[in-house]
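Chemist: build me a model:
(2 chains)
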2 protein chains.
Amino acid sequence: MEVKLSLFGFGNVGRAIARVLLEKKALFRERYGLEFKVVSVADRSGVVWLPEGIDLREALLIKETLGKLSSWTNDYEVYDFTPEKAVREIEADIAVDVTNDKEAWKWQLAALKDGKAVVTSNKPPLAFHYSELTKEAEKRSRPYLFEATVMAGTPIIGILRESLLGDTVQRIEAVLNATTTFILSRMEVGVEFEDALRQAQRLGIAERDPSGDVLGTDVGYKATILHCVAFGPVTFNEAKVRGIAEVTAGEVQRARKKGKTIRLVATVERGKITVEPKEVPLDSPLAVESHENAAVVWTDLLGELVIRGAGAGLKETASGVVSDIIKASMMLED
Amino acid sequence: MEVKLSLFGFGNVGRAIARVLLEKKALFRERYGLEFKVVSVADRSGVVWLPEGIDLREALLIKETLGKLSSWTNDYEVYDFTPEKAVREIEADIAVDVTNDKEAWKWQLAALKDGKAVVTSNKPPLAFHYSELTKEAEKRSRPYLFEATVMAGTPIIGILRESLLGDTVQRIEAVLNATTTFILSRMEVGVEFEDALRQAQRLGIAERDPSGDVLGTDVGYKATILHCVAFGPVTFNEAKVRGIAEVTAGEVQRARKKGKTIRLVATVERGKITVEPKEVPLDSPLAVESHENAAVVWTDLLGELVIRGAGAGLKETASGVVSDIIKASMMLED
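Modeler: You can find the predicted model right below:
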């Protein structure tokens, strides 16, 4: 089956996805009988649209050498569509949103209303509009998939949505942000918060504006999404979030002396979402290092379940998005 | 939607499933719109069959007080059907096999041919006949689900079948048997193998005939199933299996002195299944204790993924079986 993809976002993650689609073309045909045709690629500079399918090799080359898709003028038309216009104009089976556009819920909704499936790694649409989006998807019988919004490709969403169907989830505790883990790890060896943050920025681990990570917003979004999936719809506004900005190197070192470490921990129970720095024992599954994330899920039948894996990274995020693209395609096929 | 279940096996696991179906009746109706009607229950003594649905409360009471279903003679007919005859005669949507009948592949196949979905926790049918069974299921468009065959309800099968769809799995290492973990843990404190085994039997952790656990056959079956799902069909005959019978307390204690522990580890790569006692570092995800199992999956995109959870237990196994019953029902509904 041929599946037409409309790709929104061509930054690091968007390009990692394009590379997986290119490199694994033969494999996906053989394994799933799926042929992906990317009919549009959009970055902030514009939308490249070709109903016959875009040459992803060229798109990657243009973006990586010229910096923006709108520079691509020889063979392709570049449109200055808004995303909302783009999802309406462009015929595609799946709209893939890997932007960090906070208003993307509007055009994700438009895509669903237009009969498209949506696959996304973009957190705010889910953290603020989960109910509307999933209801619209259900109404139109269109897949709306978002594995990569939490723990990159590590399948915590898949587990909560598609496994444990007879269980009742009681609580989830998770470490869901790599930047704060890096900073807290540096603080363990005596580096103060501000310096650790600057190191993270220098290494490209933290963004230039690190507030989303440091203030806990990023984790708050993810915890909200986990609540939506495990317990039902809420919005980020209901989450109680405290970041790591007030943690001192002294506190971190004192924890260490007790055989503990401080991590930014999300705790999700029915109707209750808390994000805060917490002491966790060094042998706890939550005492992760580096770019690993971990979640512990407690249920009535299975008891304690731990899942741990990459929570960030380009290939690692592409893993989640591409898996969802394949899943959505198989759902559309049925 | 009403879903008719035909339950084969009414030992500890079968009864745990019946209890979950009873206790969560209202929840499953509300959450999934599913009403389960158990039309038959079978143990070694016979098959109780009632097209209008069996009262599970009564079935549990009879089995637990009189020891066998064939004693149940006042309201219900008890048939002496073979399982093969039972799957043909009894009208049901899903045949649930929680026996440990090694020949069950025959009647599982008959059930699929008859248009029934199959949900099972029974390992040998998959370890020897994966290809035939899954091909038949595909041909008839009937779900064939087996989450509980490996790691009880801990969703390793779900992850490998339904997530990571764009990834290529490179290797799996796993600890998949609780009895051997118990015995090895006892040996760490100086108890010799034979005594540790007897302790396990006294505590009801090991069976009276412990050979399946101790010789590694149980793990070999599970590793074979993981290979089938991650890399493609093989049979148990291709697995290289060495159990823990020759491990000495001295070896275990020497490992401990090096900061390691010995566990019965399954290693699964394309075309290669090995089960053998191995030294694992104490901080490795494979250094599990008690009834926990763990699997580490390496893939090309995501890197290292760890899943850890219950690998045995009645509720824990029922978790996997009931989740599959719900999943199969939703697939039948589509």
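Chemist: what residue is smack in the middle of chain A?
Modeler: Most central in chain A under Cα atoms, centre = their mean is residue A:149, positioned 2.3 Å from the mean C-alpha point.
Chemist: and for that one, nearest residue in space, chain neighbours not counted?
Modeler: residue A:123 (4.9 Å; Cβ to Cβ, 6 or more residues apart in numbering or on different chains). Backbone N, C-alpha and C define where each C-beta goes, glycine included.
Chemist: that neighbour and residue A:173: what is the separation?
Modeler: With distances taken as Cβ to Cβ, to the nearest Å, residue A:123 is found 19 Å from residue A:173.
Chemist: can you give me the helices in the stretch 201-334 of chain A?
Modeler: With DSSP state H, counting those that start in this stretch, the ranges of helices along the stretch 201-334 of chain A come out as A:211-214, A:217-231, A:249-257, A:314-333.
Chemist: out of the ones you listed, which is closest to chain B?
Modeler: Minimum separation from chain B across the helices of the stretch 201-334 of chain A (Cβ to the nearest Cβ) falls at helix A:314-333, 3.3 Å.
Chemist: show me what that closest one is packed against.
Modeler: Counting contacts by 3 or more Cβ pairs under 8 Å, 6 or more residues apart in numbering or on different chains; DSSP states H and E, helix A:314-333 packs against strand A:2-8, helix A:12-23, helix A:25-32, strand A:94-97, strand A:117-120, strand A:144-145, strand A:303-310.
Chemist: mind listing what's buried in the second one?
Modeler: For helix A:12-23, burial by neighbour count (16 or more other Cβ atoms under 10 Å in any protein chain shown) applies to A:13-21.
Chemist: now the angle from that helix to helix A:314-333?
Modeler: 60 degrees (axes from the mean of the first three to the mean of the last three Cα atoms, to 10 degrees).
Chemist: burial measure for residue A:203, as a count.
Modeler: Neighbourhood size, residue A:203 [other Cβ atoms under 10 Å in any protein chain shown]: 9.
Chemist: and for residue A:64?
Modeler: 9.
Chemist: quick revisit: quick one: closest of the helices and strands packed on helix A:314-333 to residue A:198.
Modeler: For residue A:198, the closest of the helices and strands packed on helix A:314-333 is helix A:12-23, at 21.7 Å, according to Cβ to Cβ.
Chemist: ok now the closest one, how far from the chain's centre?
Modeler: Remark: helix A:12-23 is offset 15 Å from the chain centroid, using Cα atoms, centre = their mean, to the nearest Å.
Chemist: what helices or strands is it leaning on?
Modeler: Using 3+ Cβ pairs under 8 Å, 6+ apart: helix A:12-23 touches strand A:2-8, strand A:35-43, helix A:56-66, helix A:314-333.
Chemist: out of the ones you listed, nearest to residue A:222?
Modeler: That would be helix A:314-333 among the helices and strands packed on helix A:12-23, by Cβ to Cβ, at 12.6 Å.
Chemist: how far off centre is the closest one?
Modeler: Relative to its chain's centre, helix A:314-333 lies at 12 Å (Cα atoms, centre = their mean).
Chemist: bridged to the nearest residue to residue A:76 once chain neighbours are set aside, which residues?
Modeler: Nearest non-adjacent residue to residue A:76, counting by Cβ to Cβ, 6+ apart: residue A:48, 5.0 Å away. Under the criterion DSSP bridges, residue A:48 forms beta bridges with residue A:41, residue A:78.
Chemist: ok, residue A:295 next?
Modeler: Assessed by DSSP bridges, residue A:295 has beta-bridge partners residue A:174, residue A:307.
Chemist: re the thing from before, for the residue nearest to residue A:76, which residues are in contact?
Modeler: With contacts defined as Cβ atoms under 8 Å, 6 or more residues apart in numbering or on different chains, residue A:48 is in contact with A:40-42, A:54, A:59, A:69, A:72, A:76-79.
Chemist: residues of the stretch 101-250 of chain A that sit close to chain B?
Modeler: A:147, A:152-155, A:158-159, A:162-168 (Cβ under 8 Å from any Cβ of the partner chain).
Chemist: restricted to helices, list those.
Modeler: A:158-159, A:162 (DSSP state H).
Chemist: now flag whichever of those residues is closest to chain B.
Modeler: Nearest member of those to chain B, counting by Cβ to the nearest Cβ, is residue A:158, at 4.0 Å.
Chemist: find the nearest non-adjacent residue to the closest one, please.
Modeler: Of all residues not flanking residue A:158 in the chain, residue B:163 sits nearest, at 4.0 Å (Cβ to Cβ, 6+ apart).
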